[in-house]
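Trainee: Here is a sequence together with a model predicted from it:
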Amino acid sequence: MRDATNVFPAISASVSRWEELRRAAAAEIQKTRHGSARGVAVLLPLPLVALGLAIGVASGKSGPIGYSTCGWNYWYSLMLPVSVSLQCVSVAGLDARHSLRSVLGLPLDPSLSWWGKVTTCLLLLLTSNAVVLAGSVVVWALGGSAPTPPAGIEAALILTIGFAWMVPASLLLSLRIGTLAGVAIPSLVQIGGGIALWGSDAWWAFVPSAALRLPSAPLGVDPSGIPVAPQSYATYAINGTWWAALALCTVAFVLLSLVGARLARGGGAS
């Protein structure tokens, strides 16, 4: 029987590439044991989870203000952008301090390290949203004011996709310019742009406002945290515009990630 490498060279090369990517991601995840990224991902949501628990349970099932506002909305409108940026600069920190020499000195494609960092930061972003989701499920189980578990899961996934653009943006800025740029610029763009544009008719055409408004559909609150009135349900419903906004966030993440991979092949941080 002929060797599979000779029979299926393209498949063999693809499998090998995926294995290299898996190892790169595992190495980057291992690095987070020595930084603050894991602590930020788990601990930063906790104050708002506690606030949401207190308000959500006290409000009861029909309370006007509950976990959707005090837990979910306060989290993704204010704290999540900062959390993502802090996680990313922590993941990038060691290599950035050494101008990527620790990566460029290896006999591997430098873009593998980049994709490992992106994968690690996406997992940390998902972890943060899962912490908020856990609080939401607890409030719902206790009969408080909170979305149903399926709606909460939907919100966590939407937030992960909507804010994913910040991962390559923060990594790039941290590696190329510095820690302050990696934290401040993406956070300010997301918070400022989201707040300024979410009420616009073209909200779906701008990534920060799209990320801020997309969760309104499953959570039932507008981006300011106010529960959506019955007459406004159609405004925040999942429709063609909503899907266009979600696609925009996905494309922004992919394009920024590809730019980062291209730059990683080109050389170290400046």
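Mentor: Sure thing, it's come through. Numbering: from 1, shown residues only.

Trainee: which residues of the stretch 1-150 of the chain fall in helices?
Mentor: Under the criterion DSSP state H, counting those that start in this stretch, the stretch 1-150 of the chain contains helices at 4-7, 9-31, 37-43, 46-59, 67, 74, 80-97, 101-104, 110-141, 149-162.

Trainee: List the buried residues of the third one.
Mentor: Of the residues in helix 37-43, those scored as buried under the neighbour-count criterion (16 or more other C-beta atoms under 10 Å) are 37-38, 40-41. For glycine as for every other residue, the C-beta is placed from the backbone atoms N, C-alpha and C.

Trainee: Distance to residue 210 for those residues - can I get that in a markdown table?
Mentor: Output for these, formatted as a markdown table (distance: C-beta to C-beta, whole Å):
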| residue | distance to residue 210 |
| --- | --- |
| 37 | 26 |
| 38 | 28 |
| 40 | 24 |
| 41 | 23 |
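
Trainee: Check the offset of stretch 23-33 from the chain's centre.
Mentor: Centroid displacement of stretch 23-33 relative to its chain, using C-alpha atoms, centre = their mean, to the nearest Å, is 18 Å.

Trainee: Report the separation between residue 21 and residue 116.
Mentor: To residue 116, residue 21 is 7 Å away according to C-beta to C-beta, to the nearest Å.

Trainee: meant to ask about residue 155, not that
Mentor: Distance of residue 155 to residue 116, given as C-beta to C-beta: 28 Å.

Trainee: I figured residue 209 hits residue 194, correct?
Mentor: Yes. Checked against C-beta atoms under 8 Å, the pair residue 209 and residue 194 is within contact range at 5.2 Å.

Trainee: circling back to that earlier point, please say which of residue 21 and residue 116 ends up with more neighbours.
Mentor: residue 116 (24 against 16; other C-beta atoms under 10 Å).

Trainee: how close does that one sit to residue 30?
Mentor: Residue 116 is 10 Å from residue 30, by C-beta to C-beta.

Trainee: about what we covered before: closest one to residue 170 among the helices of the stretch 1-150 of the chain?
Mentor: Nearest to residue 170 among the helices of the stretch 1-150 of the chain is helix 80-97 (3.5 Å), distances taken as C-beta to C-beta.

Trainee: burial of residue 259, as a residue count?
Mentor: Residue 259 is flanked by 13 other residues according to other C-beta under 10 Å.

Trainee: To clarify, my last question referred to residue 211.
Mentor: By the criterion of other C-beta under 10 Å, residue 211 has 31 neighbours.

Trainee: That one: what's it in contact with?
Mentor: Contacts for residue 211 (C-beta atoms under 8 Å, 6 or more residues apart in numbering) come out as 76, 159, 162-163, 165, 190, 194, 249.

Trainee: State the pair within these that is farthest apart.
Mentor: 76 and 165, at 13.8 Å, using C-beta to C-beta across the contacts of residue 211.

Trainee: Show me which of the two is the more surrounded one.
Mentor: Shown here are residue 76 and residue 165; by other C-beta under 10 Å, residue 76 has more neighbours (30 against 27).

Trainee: Which residues are in contact with the more buried one?
Mentor: By C-beta under 8 Å, 6+ apart, the contact list for residue 76 reads 159, 163, 211-212, 215.

Trainee: Now restrict these to buried residues only.
Mentor: The buried subset of the contacts of residue 76 - by 16+ other C-beta under 10 Å - is 159, 163, 211-212, 215.

Trainee: Adding secondary structure, pLDDT and distance to residue 66, write the residues you listed out as TSV.
Mentor: What follows is the buried ones among the contacts of residue 76, written out as TSV (DSSP: H, G, I helix; E, B strand; the rest coil; pLDDT from 0 to 100; distance: C-beta to C-beta, whole Å):
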residue	secondary structure	pLDDT	distance to residue 66
159	helix	97	18
163	coil	98	23
211	helix	97	22
212	helix	96	19
215	coil	96	15
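
Trainee: hmm, who's touching stretch 212-227?
Mentor: Stretch 212-227 has contacts (C-beta under 8 Å, 6+ apart) with 64-65, 68-70, 72-74, 76-77, 147, 151-152, 154-155, 158-159, 162, 190, 194-195, 198-199, 203-204, 228, 232, 236-238, 242, 245-246, 249.
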